[in-house]
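Undergrad: Structure of the sequence below:
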Amino acid sequence: EEKVVDSGGGMVQAGESLRLSCSAIGFVFDDHAIGWFRQVAGKEREEISCMDNWEEHTYYTPSVKGRFTIMRDDAKSTVYLQMNNLKPEDTAVYYCGARITFHNVCGEGPDWVDYWGQGTQVTVSS
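TA: Here you go, the predicted model:
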């Protein structure tokens, strides 16, 4: 079975950091674009960061730019989201998503995703 598994969420205070991980199970990430998304109850899932399979294109939504960094390690089929200076408004369930693609899909929103992780909760207290 091919799937992605995301992990690394937790409860932190404002200003602290977390690193989320997204790992491929049953396939390799080489030809995949990988994105990070988040969702708050009652709101649509939001794309917050993405990296294409050539690492030529990266995307950050404005609210996280300068604080979050996406990194991929294809040898481990793992993509990370380093989140620094977390704010209470970053509280959400975070999901990684993947799609095999040979053109840039980053920034196009959640509809391009074929594989979703199960989600990991991030809670930031003030």
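Undergrad: what helices or strands is whichever strand or helix holds C50 leaning on?
TA: Here C50 is covered by strand 46-51, with elements defined by DSSP states H and E. Packing partners of strand 46-51 (3 or more CB pairs under 8 Å, 6 or more residues apart in numbering; DSSP states H and E): strand 32-39, strand 58-60, strand 68-73. Quick note: C-beta positions are derived from backbone N, CA and C, even for glycine.
Undergrad: Out of those, which is the most enclosed?
TA: When the helices and strands packed on strand 46-51 are scored by mean count of other CB atoms under 10 Å, the highest mean neighbour count falls to strand 32-39 (a mean of 25).
Undergrad: Relative to it, what are the paired strands and their orientations?
TA: Strand 32-39 pairs in its sheet with strand 46-51 (antiparallel), strand 92-100 (antiparallel), by DSSP bridges.
Undergrad: could I get those strands as CSV with mean pLDDT?
TA: CSV is the format used below for these (pLDDT from 0 to 100):
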stretch, mean pLDDT
strand 46-51, 97
strand 92-100, 95
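Undergrad: Out of those, which gets nearest to M11?
TA: Closest approach to M11 among the strands paired with strand 32-39 is made by strand 92-100 (12.8 Å; CB to CB).
Undergrad: Output the closest one as PDB, restricted to C-alpha atoms.
TA: This file holds the C-alpha atoms of strand 92-100, laid out as PDB (Å, rounded to 0.1, in the frame of the first residue of the first chain):
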ATOM      1  CA  ALA A  92      -4.200  23.600  13.300                       C
ATOM      2  CA  VAL A  93      -4.100  20.100  12.100                       C
ATOM      3  CA  TYR A  94      -1.200  19.800   9.600                       C
ATOM      4  CA  TYR A  95      -1.200  17.400   6.700                       C
ATOM      5  CA  CYS A  96       1.400  16.500   4.100                       C
ATOM      6  CA  GLY A  97       0.400  15.800   0.600                       C
ATOM      7  CA  ALA A  98       2.200  14.300  -2.400                       C
ATOM      8  CA  ARG A  99       1.700  13.900  -6.100                       C
ATOM      9  CA  ILE A 100       3.800  12.400  -8.800                       C
END
